[in-house]
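K.L.:
Provided below are the primary sequence and the corresponding predicted coordinates.
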Amino acid sequence: MKTVLGIETTCDETAAAVVSVDPDGMPQIRSNEVLSQIAEHAVYGGVVPEIAARAHVEVLDRLVARALERAGTSLADLDGIAVAAGPGLIGGVLVGLVTAKTLSLVANKPLLAVNHLEAHALTARLTDGLDFPYLLLLASGGHTQLVAVRGVGDYVRLGGTIDDAIGEAFDKAAKLLGLGYPGGPAVERMAEDGDPERFALPRPMLGRRTADFSLSGLKTALRIEAERIAPLAERDVADLCAGFQAAVVDVVIDRARVALRGFSDVAGRPTALVAAGGVAANGAIRRALAALAGEAGLAFVAPPLALCGDNGAMIAWAGLERLRLGLVDDLTAPARPRWSLAVESAPVTAA
Ligand code: KG4
Ligand code: ZN
């Protein structure tokens, strides 16, 4: 059995987890500790990097101790220390990376410097034992891309956003409508009681032959509608949220359909359609993607809610995947504020 500690500090979640994998390859999440900083950032309406870094410093050592304790293990029993070395807010990344390097040095265990996006991308293998290749929609507050996942470290980018990330669009919509931060869950909750057809919002890029996204126009259209009918009653906010979410769903499905068409050129037949990243928590997006996968005769896999947002288990798992392949790092591993997932880009252009 192999056991790895995973540390995540790239944004506003401090997380530590222990994941083991038995000789048959069956993974087990033995602990998964997440401390959200949402309360610290909420007053500013978004994540403040300096506050995030300090908050990580204050809690990370205790969180790691708790993750080891809850897993019933100790540093000495680990086979590796995995950490998200980027991409993300550099202050936070440094806190996690320096902590992991120190633990690696003291306990004499291999360091596994993991790409945060790769950890999201591989989560479906932790939760569902999925085989490669699969089509991934990776959508969070900072990223939106459609990727052919061919293997560990082997990703082809089929399309992505040319402006806002989907999570960012949800966050901006929420801010505009006075719903606070983070916006995704708040907009989804309000949308439940709203009429998605009251406002005619645009579906940017719909029908385009590339698998790219553009969301800033939708956000502007939402603002114009909101300003037009201000002051907003609760019903107005619900209808605006429902309209916004319905537009995003239509765009996501149209873009994913194009990416599915382009997938076979770079990776053959996919085993599944996978959603990952914080936005994968959205029920409407999940349901629509599941329907699209069904249409294409594919399985649909999205991590359980607790593993959609940032967490340590996905970092530990990505570390285990890399350890298995001998992809080990040393103390020179850099913190990378920018670190793209795709080694290759193959924009879809097929009709
Ligand atoms: O992956 P994640 O936890 O952190 C990043 O790496 O960004 O994703 C957070 C993002 C935020 O923008 C948040 O608003 C969005 O995911 N999000 C959602 C939902 N839950 C979280 N977006 C839409 N619907 C949701 N239910
Ligand atoms: Zn993330």
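P.N.:
Thanks, I have it. Ligands and ions are numbered 1, 2, ... in the order given.
K.L.:
drop to CA atoms for contacts and neighbour counts, all remaining ones
P.N.:
Will do.
K.L.:
per-residue pLDDT, the residue most central in space within the chain?
P.N.:
The C-alpha lying nearest the average C-alpha coordinate of the chain belongs to residue 277 (C-alpha atoms, centre = their mean; 2.0 Å). Each residue has a pLDDT score; the one for residue 277 is 93.
K.L.:
can you list phi and psi of it for me?
P.N.:
Residue 277 has phi and psi values of phi 90, psi 170 when expressed as degrees, to the nearest 10.
K.L.:
same question for residue 171.
P.N.:
For residue 171, the backbone dihedrals are phi -60, psi -40 (criterion: degrees, to the nearest 10).
K.L.:
the helices in the stretch 251-351 of the chain, which residues?
P.N.:
Assignment of helices within the stretch 251-351 of the chain using DSSP state H, counting those that start in this stretch yields the ranges 283-295, 305-308, 312-324.
K.L.:
would CSV of these with mean neighbour count, mean pLDDT and distance to residue 58 be doable?
P.N.:
Listed next are the helices of the stretch 251-351 of the chain as CSV, based on neighbours: other C-alpha atoms under 10 Å; pLDDT from 0 to 100; distance: least, C-alpha to C-alpha, whole Å:
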stretch, mean neighbour count, mean pLDDT, distance to residue 58
helix 283-295, 17, 98, 34
helix 305-308, 18, 92, 23
helix 312-324, 28, 98, 17
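K.L.:
how about the ones you listed in a markdown table, adding distance to residue 128?
P.N.:
Formatted as a markdown table, those follow (distance: least, C-alpha to C-alpha, whole Å):
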| stretch | distance to residue 128 |
| --- | --- |
| helix 283-295 | 15 |
| helix 305-308 | 12 |
| helix 312-324 | 13 |
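K.L.:
so can I have TSV of those helices showing distance to ligand 1?
P.N.:
Rendered in TSV, the data for these read as follows (distance: least, C-alpha to the nearest ligand atom, whole Å):
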stretch	distance to ligand 1
helix 283-295	7
helix 305-308	6
helix 312-324	11
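K.L.:
of all the ones you listed, which lies closest to residue 127?
P.N.:
Across the helices of the stretch 251-351 of the chain, residue 127 has its closest neighbour in helix 305-308 (8.8 Å, C-alpha to C-alpha).
K.L.:
now that closest one, how far from the centre of its chain.
P.N.:
On the basis of C-alpha atoms, centre = their mean, to the nearest Å, helix 305-308 sits 9 Å off its chain's mean C-alpha point.
K.L.:
name the helices or strands packed onto that helix?
P.N.:
Other elements packing on helix 305-308 under the criterion 3 or more C-alpha pairs under 8 Å, 6 or more residues apart in numbering; DSSP states H and E are absent; no helix or strand qualifies.
K.L.:
alpha carbons of that helix, as PDB, please.
P.N.:
C-alpha atoms of helix 305-308 as PDB (Å, rounded to 0.1, in the frame of the first residue of the first chain):
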ATOM      1  CA  LEU A 305     -19.500  18.000  -4.100                       C
ATOM      2  CA  ALA A 306     -16.800  17.800  -1.400                       C
ATOM      3  CA  LEU A 307     -14.200  16.900  -4.100                       C
ATOM      4  CA  CYS A 308     -15.400  19.500  -6.700                       C
END
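K.L.:
can you name the residues of the stretch 101-250 of the chain sitting close to ligand 1?
P.N.:
Taking C-alpha under 6 Å from any ligand atom as the criterion, the stretch 101-250 of the chain approaches ligand 1 at residues 140, 141, 142, 167, 168, 170, 171, 182, 183, 184, 185, 188.
K.L.:
restricted to helices, list these.
P.N.:
Here DSSP state H is the test, and these give 167, 168, 170, 171, 183, 184, 185, 188 as lying in helices.
K.L.:
show the contacting residues for the fourth one.
P.N.:
Which is residue 171. Remark: with contacts taken as C-alpha atoms under 8 Å, 6 or more residues apart in numbering, residue 171 is in contact with 141, 181, 182, 183, 184.
K.L.:
mind picking the two most distant members of these?
P.N.:
Taking C-alpha to C-alpha as the measure, those reach their widest spread between 141 and 181, a distance of 11.4 Å.
K.L.:
not counting its neighbours along the chain, what's nearest residue 193?
P.N.:
The shortest distance from residue 193 to any residue other than its chain neighbours is 6.1 Å, reached at residue 238 (C-alpha to C-alpha, 6 or more residues apart in numbering).
K.L.:
what about the spatially closest residue to residue 13 that is not a sequence neighbour, distance to residue 340?
P.N.:
Spatial nearest neighbour of residue 13, excluding adjacent residues (C-alpha to C-alpha, 6+ apart): residue 36 at 4.6 Å. Relative to residue 340, residue 36 is positioned 25 Å away (criterion: C-alpha to C-alpha, to the nearest Å).
K.L.:
neighbours around residue 23, how many?
P.N.:
Residue crowding around residue 23 was assessed by other C-alpha atoms under 10 Å; the count is 9.
K.L.:
check for me that it belongs to a strand.
P.N.:
No. With DSSP: H, G, I helix; E, B strand; the rest coil as the criterion, residue 23 is coil rather than part of a strand.
K.L.:
what count of nearby residues applies to the nearest residue to it once chain neighbours are set aside?
P.N.:
Of all residues not flanking residue 23 in the chain, residue 1 sits nearest, at 5.5 Å (C-alpha to C-alpha, 6+ apart). Other residues lying near residue 1 total 11 when counted by other C-alpha under 10 Å.
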